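Peer 1: The sequence and its predicted three-dimensional model are supplied below.
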Amino acid sequence: MNTGIFYDPLFLKHETGLHPENPDRLAWIVAEFQRTGLWDRCLHPACRDATIEELCLVHDPAYVRRVREMAESGGGALDPETIVSAASYAAAVRAAGASLAAVEAVLRGEMRNAFCAVRPPGHHAMPGAGMGFCIFNNVAIAAKYLRARLGVGRVAIFDWDAHHGNGTQQVFYRDGSVFFASLHLWPHWPGTGAREETGEGPGLGCIVNRPIPHSATPEEYLDVARKVVDGPMWDFRPDFVLISAGFDAHRDDPVAPMALEPAHFRQLTDMVTDCAEQLCGGRVVSLLEGGYHHIGLPQCAAAHLEGLIENAK
């Protein structure tokens, strides 16, 4: 067993009401993993909470306090789309911590790669604000932690969620030690991620945006992905790879439908893991972002997990 699944029932306690990002999403995924036997082919290490100091590698302390106090007071909303319930702070702290536990375990050699089946998702969260269903930016915190605490030189983030990872991009726009690539529906919310957004200062060239038109076929999408992986991502030569694994590019997704099927997410997984195998010993941690269709989401997540498992042999 060379692949880990980082999951905790606490993630189901982040209650959002009648909202696309709801606890059923994880229940569907776990049920599909169990139905297909993928669950039993993986390790299941314990998740942990992120510390305040770890959250603040990315987020402003005042924002972290705001989320905690909102949850302690019974809940509220960070914006019209981003709900906080009484257990949301605890779930978000555990989701961020799960990503840290995963990168620690992969670096220690306890597993080759890992999938973090977490919620709330993270890639829209800014240093000082939550948005787009996201409270803390799990993937950005993991990347900062790898660099600042675990001594990893270069980290690549590949974001294939159908929405641009605007929060992640903001965190690393002037960084240079973290490569961020995003393939996303265009034009679409949040309206960022133009091809011309390529970073500034030390980060110039380390931000790669590939807007995908509504008319794109799966073959065209995969061709764009291949050119990113074989081009700028390869040239960056990462020491660790993170994936913002949204599955809302599935053709039936109610939030951001594109044209992809589960098999296409398996091909994306193979592309990224093959690159990581050649450049950094296969060190990959994937984190769940979007995906909201009751059939498409679990099937795409299962195709992705199977790819991680097969590529970790």
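Peer 2: Ah, there it is.
Peer 1: And residue 94, how far from residue 142?
Peer 2: 14 Å (CB to CB, to the nearest Å). All C-beta spots, glycine's among them, are computed from the backbone N, C-alpha and C.
Peer 1: element containing residue 67, please.
Peer 2: helix 61-72 (DSSP states H and E).
Peer 1: and the angle from the helix or strand that that helix is followed by to helix 61-72?
Peer 2: Using DSSP H and E, the helix or strand that follows helix 61-72 in sequence is strand 75-79. Angle, strand 75-79 to helix 61-72, by axes from the mean of the first three to the mean of the last three CA atoms, to 10 degrees: 140 degrees.
Peer 1: Put the alpha carbons of strand 75-79 into CSV.
Peer 2: Output of strand 75-79 as CSV, limited to C-alpha atoms (Å, rounded to 0.1, in the frame of the first residue of the first chain):
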residue,chain,number,x,y,z
GLY,A,75,-21.9,30.5,12.5
GLY,A,76,-22.4,33.0,9.8
ALA,A,77,-21.1,33.8,6.3
LEU,A,78,-17.7,35.0,5.1
ASP,A,79,-19.4,36.1,1.9
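Peer 1: higher neighbour count, residue 94 and residue 142?
Peer 2: Remark: of residue 94 and residue 142, residue 142 carries more neighbours, 31 against 24, as counted by other CB atoms under 10 Å.
Peer 1: and residue 36, how many neighbours?
Peer 2: Using other CB under 10 Å: residue 36 sits among 16 other residues.
Peer 1: One more: residue 3?
Peer 2: The number of residues near residue 3, taken as other CB under 10 Å, comes to 25.
Peer 1: what do you get for residue 45?
Peer 2: Neighbour tally, residue 45, other CB under 10 Å: 18.
Peer 1: pretty sure it is touching residue 6, no?
Peer 2: Yes - with contact defined as CB atoms under 8 Å, residue 45 counts as touching residue 6 (6.5 Å).
Peer 1: which neighbours do the two share?
Peer 2: Common contacts of residue 45 and residue 6 (CB atoms under 8 Å, 6 or more residues apart in numbering): 101, 102.
Peer 1: ok, the nearest residue to residue 117 once chain neighbours are set aside - contacts?
Peer 2: Spatial nearest neighbour of residue 117, chain neighbours left out: residue 7 (4.3 Å); criterion: CB to CB, 6 or more residues apart in numbering. For residue 7, the contacting residues are 26, 30, 44, 47, 98, 116, 117, 118, by CB under 8 Å, 6+ apart.
Peer 1: From residue 23, how far off is residue 7?
Peer 2: For residue 7, the distance to residue 23 equals 13 Å [CB to CB].
Peer 1: Look up the residues that both of these two are in contact with.
Peer 2: Counting by CB under 8 Å, 6+ apart, nothing touches both residue 7 and residue 23.
Peer 1: Go through stretch 188-197 and flag the buried ones.
Peer 2: By neighbour count with 16 or more other CB atoms under 10 Å, stretch 188-197 contains the buried residues 188, 189, 192, 193, 197.
Peer 1: Oh, that last question was meant for stretch 102-109, not what I typed.
Peer 2: Judged by neighbour count using 16+ other CB under 10 Å, the buried positions of stretch 102-109 are 102, 103, 104, 105, 106, 107.
Peer 1: what does it rub up against?
Peer 2: 4, 6, 45, 111-114, 116, 142, 145-146, 150, 152, 240, 242, 283-285.
Peer 1: Report the backbone C-alpha coordinates of that stretch in CSV.
Peer 2: Output in CSV follows, covering the C-alpha atoms of stretch 102-109 (Å, rounded to 0.1, in the frame of the first residue of the first chain):
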residue,chain,number,x,y,z
ALA,A,102,0.1,14.1,4.1
VAL,A,103,3.2,16.0,2.9
GLU,A,104,5.0,14.9,6.1
ALA,A,105,4.2,11.3,5.5
VAL,A,106,5.2,11.4,1.8
LEU,A,107,8.5,13.1,2.7
ARG,A,108,9.2,10.5,5.4
GLY,A,109,8.7,7.8,2.8
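Peer 1: Could you tell me the average pLDDT over it, please?
Peer 2: Here stretch 102-109 scores 98 as its mean pLDDT.
Peer 1: gap between that stretch and the chain center?
Peer 2: 17 Å (CA atoms, centre = their mean, to the nearest Å).
Peer 1: swap in stretch 35-46?
Peer 2: Relative to the chain's own centre, stretch 35-46 is displaced by 19 Å; criterion: CA atoms, centre = their mean.
Peer 1: Then stretch 287-294?
Peer 2: 10 Å.
Peer 1: Now stretch 261-271: buried residues?
Peer 2: Buried residues in stretch 261-271 (16+ other CB under 10 Å): 261, 262, 264, 265, 266, 267, 268, 269, 271.
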